[in-house]
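**Q** Build me a model from this:
(one chain, ligands or ions: 1)
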Amino acid sequence: MNLINGKEVAAKVKNDVRGDAEYLSDCFGVKPGLAVILVGDDPASAVYVKNKTKDCAEVGFESFEHILPASTTQEELMALVKQLNADKKVHGILCQLPLPKHLNEREIINAIDPKKDVDAFHPENVGRIMIGDYDFLPCTPAGVMELIHSAGISVSGKKCTVIGRSNIVGKPMAMLLLHENGTVTVCHSKTRNLAEECKDADILVAAVGRAKLITADMVKEGAVVIDVGMNRDENGKLCGDVDFESVKDKAGFITPVPGGVGPMTRAMLMKNTLTAYKKAFGIR
Ligand code: NAP
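**A** Below is the predicted model of the structure:
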C-alpha cells in the first residue's frame, strides 16, 4: 500500500501559490483578495471560515471576512454580494454553505460574478466544466485530481467508480475523471449492487458521508482508493467513508482521513483565488 499524503501535496500547492502571489503582488501593487461570507452560527462552518482566513495569511493573500447574523435577509445578502462583485480588492468570493433555511442559496450563488466564483458553483462555471473549457474547478474534485497526479497515476483507460452524485463533489469528480479518459461509473443511494460496482474499479472515489461504508471486500486488489468522506466514528473520531484499516492492505494507493483530501480542498481554494486574481490582470 502507498499512502497518498494530502498534507504534503497541499503544502506544495500552497508553496507554489505563495511564490506567485508574492511576485505578482509586487508587480501589481495589490495582493490577491478572498472574501468569505458566513451567515449564522454553525460551529463547523465557523471553523472552515477561520481556516480559510489562516490559509490566506499563509500564502500572502488579503482576506475579507463577512460574518453575518442568522437573521440576515436575502436582500441584505444579495446587496453584500453585489458590493463584493464591484470591489477591485476582492478577486474571489466564497459564500459558506449551507446557508440558513430562510435564504435562497441558488439565488446567492447565481449572483456571484462568475469571474470571482472560486468555488466554481455558478451555473456558468459548472457549464464550462462540462465542456472542458474552464478557469476554475470545484476545490474538492480538483484536489482529488491533484492527489492522483502527485502519485504518478494515469487515469486514461482505467475503470473509475465515483460513489456520490452531489453537485459539489460527485458529479464534477466524475466529469474530471472522464476528461482524463477514465471509464466512469457514478453510484448513489439507489445503486442496486454497490459492492459489485466498486469491486470493478481501478480508481475508487468515495464521496458519500457514511462512516466506513467501503470495506475491503468491496475493493479490487491494487486499486487507487480516494476517500473524500468526513464523518465521525462510534468514538467521535474523524473518519472517512472508507474503512481504512481493512482497505489499506488491499489498495495500491489510498488517502487517509484526516490528512488526505481535506487539506487539498483548502489548498485548491487558494489556487483558484490566485487564478481569479491573475485573470483580473489579464494573465493566464
Ligand atoms: P451529499 O450532498 O450528502 O451527497 C452524498 C451522496 O452520497 C449522494 O449522491 C447520495 O446519493 C450518496 N449516498 C448516500 N448514501 C449512499 C449509500 N448508502 N450508497 C451509495 N451512495 C450513497 O454529500 P457531499 O457534499 O457530496 O459530501 C460527501 C462527503 O464528502 C461528506 O462526508 C462530506 O463531509 C465530505 N466532503 C469532504 C470534503 C473535503 O474537503 N474532504 C469536501 C466536501 C465534502 P443520492 O444522490 O441518491 O442521495
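**Q** Name the nearest residue to H66, sequence neighbours excluded.
**A** Among residues not flanking H66 along the chain, I37 sits closest, at 4.7 Å (Cβ to Cβ, 6 or more residues apart in numbering). C-beta: built from backbone N, CA, C; applies to glycine.
**Q** Do you know the pLDDT at that neighbour?
**A** Predicted confidence (pLDDT) for I37: 98.
**Q** the helices in the stretch 1-150 of the chain, which residues?
**A** With DSSP state H, counting those that start in this stretch as the criterion, the stretch 1-150 of the chain has helices at 6-28, 43-59, 74-86, 105-111, 123-130, 139-150.
**Q** List the beta-bridge partners for the residue nearest to V49 when sequence neighbours are not counted.
**A** Residue nearest to V49 in three dimensions, not counting chain neighbours: L38, with 4.7 Å by Cβ to Cβ, 6+ apart. Per DSSP bridges, the residues bridged to L38 are I67.
**Q** How about the contacts made by L38?
**A** L38 is in contact with S45, A46, V49, E65, H66, I67, L68, Q96, counting by Cβ atoms under 8 Å, 6 or more residues apart in numbering.
**Q** Can you get me a residue count around the closest residue to L99 other than its chain neighbours?
**A** Distances taken as Cβ to Cβ, 6+ apart place E105 nearest to L99, at 5.1 Å, with adjacent residues excluded. Look at E105: counted by other Cβ atoms under 10 Å, it has 14 neighbours.
**Q** Repeat that for G29.
**A** Look at G29: counted by other Cβ under 10 Å, it has 6 neighbours.
**Q** Single out the most deeply packed of the helices of the stretch 1-150 of the chain.
**A** Most buried of the helices of the stretch 1-150 of the chain, by mean neighbour count (mean count of other Cβ atoms under 10 Å): helix 139-150, with a mean of 23.
**Q** How far does it sit from its chain's centre?
**A** A distance of 9 Å separates the centroid of the chain from that of helix 139-150, by Cα atoms, centre = their mean, to the nearest Å.
**Q** Give me the helices and strands touching it, please.
**A** Other elements packing on helix 139-150 under the criterion 3 or more Cβ pairs under 8 Å, 6 or more residues apart in numbering; DSSP states H and E are helix 6-28, helix 170-179, strand 224-227, helix 261-280.
**Q** Compute the inter-axis angle for the helix or strand just after it and helix 170-179.
**A** Using DSSP states H and E, the helix or strand that follows helix 139-150 in sequence is strand 159-163. Per axes from the mean of the first three to the mean of the last three Cα atoms, to 10 degrees, the angle that strand 159-163 makes with helix 170-179 is 170 degrees.
**Q** In contact with the residue nearest to H66, which residues?
**A** H66, L68, L77, L80, V81, L84, I93, L94, C95, Q96 are the contacts of I37 under Cβ under 8 Å, 6+ apart.
**Q** now the residues you listed in JSON lines, with pLDDT?
**A** Below are those laid out as JSON lines (pLDDT from 0 to 100):
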{"residue": "H66", "pLDDT": "98"}
{"residue": "L68", "pLDDT": "98"}
{"residue": "L77", "pLDDT": "98"}
{"residue": "L80", "pLDDT": "98"}
{"residue": "V81", "pLDDT": "98"}
{"residue": "L84", "pLDDT": "98"}
{"residue": "I93", "pLDDT": "98"}
{"residue": "L94", "pLDDT": "98"}
{"residue": "C95", "pLDDT": "98"}
{"residue": "Q96", "pLDDT": "97"}
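**Q** which bits of this structure sit near the ligand?
**A** 140, 163-166, 168-170, 187-191, 194, 207-210, 228-231, 261-262, 265 (Cβ under 6 Å from any ligand atom).
**Q** Quick one: mean pLDDT for stretch 166-185?
**A** Averaged over stretch 166-185, pLDDT sits at 98.
**Q** quick one, domains of the chain?
**A** Domain segmentation of the chain under automatic domain parsing yields 29-113, 139-261.
**Q** Which of these sits closest to I4?
**A** Nearest of the domains of the chain to I4, taken as Cβ to Cβ: domain 139-261 at 4.8 Å.
**Q** In ChimeraX, how would I select the buried members of the residues of the chain next to the ligand?
**A** Typed into ChimeraX, the line below selects the buried ones among these, using 16 or more other Cβ atoms under 10 Å:
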select :140,163,164,165,168,169,170,187,191,194,207,208,228,229,230,231,261,262,265
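**Q** Which single one of the contacts of I37 is nearest to R284?
**A** The closest of those, once distances to R284 are taken by Cβ to Cβ, is I93, at 20.9 Å.
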